[in-house]
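Peer 1: compute the structure for the input listed below.
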Amino acid sequence: MDNSFETALHKTEAAIREAVPRVVRRHRAAGIFTWRQVHQIESEVIAELSSTGLHSAQMLRMLRSSELMGYPKDDRGVSLEGNEAVPVVFSQIHKAWHRVD
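Peer 2: This next block holds a predicted model:
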């Protein structure tokens, strides 16, 4: 793996881990954890990181969900069980939502 790519990947993942809990706290009052919320939180995190100019759009696209993955966007409760691939942002959102602050 190219060292500059690896460095950018680690920096972007670290930024995601830092930003997600802050955004999740704003949404937690809704009570139930839905797919619609996951997508909304993901959009907010990506927008926040994009606005800094510190992370490439390509790297952010690589770490977020893709339409091709077929995740729902409705008000059903979230379960990541049974998914072979979980986007980094979704994984961090799930961890942060279920973490006791």
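Peer 1: list the contacts of the closest residue to residue 78 other than its chain neighbours.
Peer 2: Spatial nearest neighbour of residue 78, excluding adjacent residues (C-beta to C-beta, 6 or more residues apart in numbering): residue 33 at 5.0 Å. (Glycine included, C-beta is placed from N, CA and C.) Contact analysis of residue 33 by C-beta atoms under 8 Å, 6 or more residues apart in numbering lists 77, 78, 97.
Peer 1: of those residues, keep whichever come out buried.
Peer 2: Neighbour counting over those (16 or more other C-beta atoms under 10 Å) leaves 78, 97 as the buried ones.
Peer 1: and the longest helix belonging to the chain, what does it pack onto?
Peer 2: For the chain, the helix with the greatest residue count under DSSP state H is helix 3-27. Applying 3 or more C-beta pairs under 8 Å, 6 or more residues apart in numbering; DSSP states H and E, we find helix 3-27 packed against helix 35-52, helix 57-63, helix 88-98.
Peer 1: ok, and which of those helices has the densest surroundings?
Peer 2: Ranked by mean neighbour count, these are led by helix 88-98 with a mean of 19 (mean count of other C-beta atoms under 10 Å).
Peer 1: any idea how far the residue nearest to residue 78 is from residue 55?
Peer 2: Using C-beta to C-beta, to the nearest Å, residue 33 is found at 26 Å from residue 55.
Peer 1: can you list the helices and strands packed on helix 3-27 in TSV and add distance to residue 28 and mean pLDDT?
Peer 2: Shown next, in TSV, are the helices and strands packed on helix 3-27 (distance: least, C-beta to C-beta, whole Å; pLDDT from 0 to 100):
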stretch	distance to residue 28	mean pLDDT
helix 35-52	9	96
helix 57-63	22	94
helix 88-98	7	94
